[in-house]
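Trainee: From the sequence below, what's the structure:
(one chain, ligands or ions: 2)
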Amino acid sequence: MCPGGAGGARPGRLTRVPPRSAPVPVPAMASKLLRAVVLGPPGSGKGTVCERIARRFGLQHLSSGQFLRESLGGGGEAGALAQQYLERGLLVPDHVITRLMMAELEKRREQHWLLDGFPRTLGQAKALDGICQLDLVISLNIPFETLKDRLSARWVHPASGRVYNMDFNPPHTQGVDDLTGEPLVQREDDRPEAVAARLRKYKDAAKPVMELYKSRGILHSFSGTETNKIWPYVYTLLSSRIPPVLPEEEH
Ligand SMILES: Nc1nc2c(ncn2[C@@H]2O[C@H](COP(=O)(O)OP(=O)(O)O)[C@@H](O)[C@H]2O)c(=O)[nH]1
Ligand SMILES: Nc1ccn([C@@H]2O[C@H](COP(=O)(O)OP(=O)(O)O)[C@@H](O)[C@H]2O)c(=O)n1
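Mentor: Ligands and ions are numbered 1, 2, ... in the order given. Have a look, this model is predicted:
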């Protein structure tokens, strides 16, 4: 079973509204906790959609890529090894990311959560199965050309993981994070030469993961070129599983 998760009724009401700067997870109020995953290639909008879901529904948004990037700063051997994979746009070995994610999930046994970027391989999906029964898998299906354009225009605030795009959601002041005023950077792995490798690898690894979740009847796929058009459908799906804490329109 999922850490803290079991069958039974969902919480009847969720009252805490997380502040924009730091979404606060809604604590467990009943036995059943939502366990959801968002799948999609790099640039498909997983982080953007997860951030919206987290705010509207009070879920913890757990980004495996962000945990990985944070783990690089430690100066240890594992961090240095992981950095080589990230820079080349490759997946880090299953046992590395799985150990990292299991430790993070263990800390959140009593919270609703939403995984962004994990599992990415069948091995990772099986490891997740070992501790958890997923309720919902959202797959974002975005055309290749759109992904390339988005990644070349992506800017991030490394400390928080906040993501901007010069066309879609530009910062208030160019090059600067809205909340902290700290500089934004472009990720090394968003360089065009790394992007092509990432997209190829994603496809190969993700196919069996999608098939697994499809066979279980928990896969929900959304196709399109604009997150704002996909979002209402995602919101409706989530609303059928867990009560929102904020209305859909409030971005
Ligand atoms: N132009 C455009 N950019 C978007 C849209 N949705 C997300 N983005 C941007 O595309 C980039 C990739 O999105 P992100 O959520 O980081 O994708 P992830 O790699 O799947 O987590 C970011 O710079 C987003 O701000 C959209 O509908 N249109
Ligand atoms: N399960 C995972 C998740 C991320 N990663 C690594 O972390 C990088 C960034 O992942 P991410 O989820 O933040 O970003 P996107 O690749 O979705 O844009 C990936 O390109 C991989 O190098 C991984 O190896 N295994």
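Trainee: hey, let's count contacts and neighbours off CA atoms from now on
Mentor: Will do.
Trainee: where do the strands sit along this structure?
Mentor: 35-39, 60-63, 113-116, 136-141, 154-157, 162-165, 219-223 (DSSP state E).
Trainee: does ligand 1 sit close to the fourth one?
Mentor: No. Taking CA under 6 Å from any ligand atom as the criterion, strand 136-141 and ligand 1 are apart, separated by no less than 8.2 Å.
Trainee: tell me what that strand is packed against?
Mentor: strand 35-39, strand 219-223 (3 or more CA pairs under 8 Å, 6 or more residues apart in numbering; DSSP states H and E).
Trainee: Can you say which of the ones you listed is nearest to Glu188?
Mentor: Closest to Glu188 of the helices and strands packed on strand 136-141, according to CA to CA: strand 35-39, at 21.6 Å.
Trainee: Excluding chain neighbours, give the residue nearest to the residue of the stretch 151-251 of the chain found nearest ligand 2 in space.
Mentor: Closest contact between the stretch 151-251 of the chain and ligand 2, by CA to the nearest ligand atom, is at Arg198 (6.0 Å). Excluding its sequence neighbours, the residue lying closest to Arg198 (CA to CA, 6 or more residues apart in numbering) is Gly89, at 5.0 Å.
Trainee: Contacts only, for the one you found.
Mentor: Asp189, Ala194, Val195, Ala197, Arg198 (CA atoms under 8 Å, 6 or more residues apart in numbering).
Trainee: and those residues as JSON lines, adding distance to ligand 1 and pLDDT?
Mentor: Below are the contacts of Gly89 laid out as JSON lines (distance: CA to the nearest ligand atom, whole Å; pLDDT from 0 to 100):
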{"residue": "Asp189", "distance to ligand 1": "11", "pLDDT": "83"}
{"residue": "Ala194", "distance to ligand 1": "13", "pLDDT": "79"}
{"residue": "Val195", "distance to ligand 1": "11", "pLDDT": "85"}
{"residue": "Ala197", "distance to ligand 1": "14", "pLDDT": "79"}
{"residue": "Arg198", "distance to ligand 1": "11", "pLDDT": "83"}
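Trainee: and the two most separated of these?
Mentor: Asp189 and Ala197 (9.6 Å).
Trainee: I'd like to know how far Leu238 sits from Pro247.
Mentor: From Leu238 across to Pro247, the span is 12 Å (CA to CA, to the nearest Å).
Trainee: Who has more neighbours out of these two?
Mentor: Leu238 (19 against 11; other CA atoms under 10 Å).
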